[in-house]
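[1] output the structure for:
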Amino acid sequence: MDKPKVTIAIPAYNQAKYIKQAIDSALNQDYPNLEVIVSDDASLDDTRQIVKEYNDKRLKYYRNEKNIGRVANHRKLLYEYATGEYVLNLDGDDYLIATDAISFMVNQINFYHKQECANIVMVMALAETVFDDSKITYKRKEETCINGFYVFLNWNKIPYFHSATLYLRQAAVKIGFYKHDIINEDVESFLRLCLLGNVILSNKVIATWRLHENNVSMLSDIDKLFDSLEFIKSPYRYALGLGFDKKQLLKWKNTMLLDRYNKMLSKILLAKNKSAFITFVKRLHKEDKKGFRIIFYPKNIIKIISFYVPFLFDLLRSLKWFFTNKSKPPKL
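    Numbering: from 1, shown residues only. Alright, predicted model coming up:
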């Protein structure tokens with residue numbers, strides 16, 4: 001198992017501006033047993049022409065006759081095109097910054113197997129986030145190979161990036177990766193996967209996750225935001241079915257939901273969308289009366305008050321961003 005085949009899967013839609021950087025970063029990997037697959041979801045830009053310019057046997061290109069959507073395209077890549085023992089999903093607007101990203105993660109798997117940490121289902125490395133002129137780099141306290149249930153229970157405390165996670169393909173197919181057409185479907189899939197074995201938490205930064213105006217909006221539809229909570233509820237049900245502790249799982253679910261409600265509220269206030277705010281409050285009260293109490297958290301009351309006082313809102317946002325990231329916040 002020293003050099004298992006690895007698939008770098010690149011789903012793309014109208015990403016001609018970025019796709020070359022993504023492909024180059026994949027083909028520049030120093031790992032010898034590699035395939036790079038681009039699945040073009042019927043792009044309307046020059047994505048096809050750019051990919052066709054490559055002459056590399058490791059690169060395969062497929063194009064959907066009609067647009068099937070982000071999640072369905074991820075499924076097609078994994079279930080129909082990928083042939084590697086391991087897969088890394090690299091969105092068409094992201095890229096790998098380490099040329100040894102794949103070899104490093106495979107070497108980690110080999111190393112920890114010898115350290116009696118077998119049954120490794122995925123390796124979670126790190127990425128830097130780039131938005132406007134701002135960049136955030138994440139770190140871990142330590143690198144380790146650990147039981148996946150620990151990762152599951154502490155998901156909100158563990159930095160996760162789709163483009164920096166190498167996972168076991170057959171295990172992913174077996175549990176039905178990308179089965180829900182929702183926001184955060186990748187998180188739903190990986191939460192279930194980590195329950196099947198051990199996970200390596202690596203402190204190596206291997207990729208760049210690019211945030212820009214073309215990313216999927218978290219505010220496109222309040223109903224979709226609430227539908228996306230299935231990324232928490234589905235793994236909860238799955239873990240119950242596997243026989244994990246019910247009390248731990250219930251506490252986990254409630255913590256995850258409250259955290260998600262807080263993030264949804266913050267994004268709505270940040271977008272200064274008053275109608276979305278009212279709709280969100282009404283829907284939250286209807287869906288989860290216990291969760292509704294987050295509206296009355298002191299920090300949220302301050303956010304809501306500042307929402308109606310633009311100067312205070314911008315001041316609070318700038319201060320929080322500065323003390324968190326040591327830089328000016330990106331422009332809205």
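[2] look up how far Phe277 lies from Lys263.
    14 Å (Cβ to Cβ, to the nearest Å). In short, each C-beta sits where N, CA and C put it, glycine included.
[3] of those two, give the one with the bigger neighbour count.
    Phe277 (17 against 12; other Cβ atoms under 10 Å).
[4] and the residue lying closest to that one once chain neighbours are set aside, how close does it get to Lys282?
    Excluding the flanking residues, the one nearest Phe277 by Cβ to Cβ, 6 or more residues apart in numbering is Ile268, at 5.1 Å. Distance from Ile268 to Lys282, counting by Cβ to Cβ: 12 Å.
[5] these two - which one has more neighbours?
    Shown here are Ile268 and Lys282; by other Cβ under 10 Å, Ile268 has more neighbours (24 against 11).
[6] am I right that the more buried one is in contact with Ala276?
    Yes: the pair Ile268 / Ala276 is scored as a contact, 4.9 Å apart, by Cβ atoms under 8 Å.
[7] now do the SS call for Tyr54.
    At Tyr54 the chain is in coil, as set by DSSP: H, G, I helix; E, B strand; the rest coil.
[8] correct me, but it touches Ile23?
    Yes: between Tyr54 and Ile23 there is a contact at 6.7 Å, judged by Cβ under 8 Å.
[9] show me what the helix or strand containing Lys263 is packed against.
    Using DSSP states H and E, Lys263 falls within helix 246-270. Helix 246-270 sits against helix 148-153, helix 230-241, helix 274-287, helix 298-307, with contacts defined as 3 or more Cβ pairs under 8 Å, 6 or more residues apart in numbering; DSSP states H and E.
[10] possible to save those as CSV with distance to Ala118?
    CSV is the format used below for the helices and strands packed on helix 246-270 (distance: least, Cβ to Cβ, whole Å):
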stretch, distance to Ala118
helix 148-153, 13
helix 230-241, 21
helix 274-287, 41
helix 298-307, 44
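[11] how about these, which one is nearest Ile183?
    helix 230-241 (7.6 Å; Cβ to Cβ).
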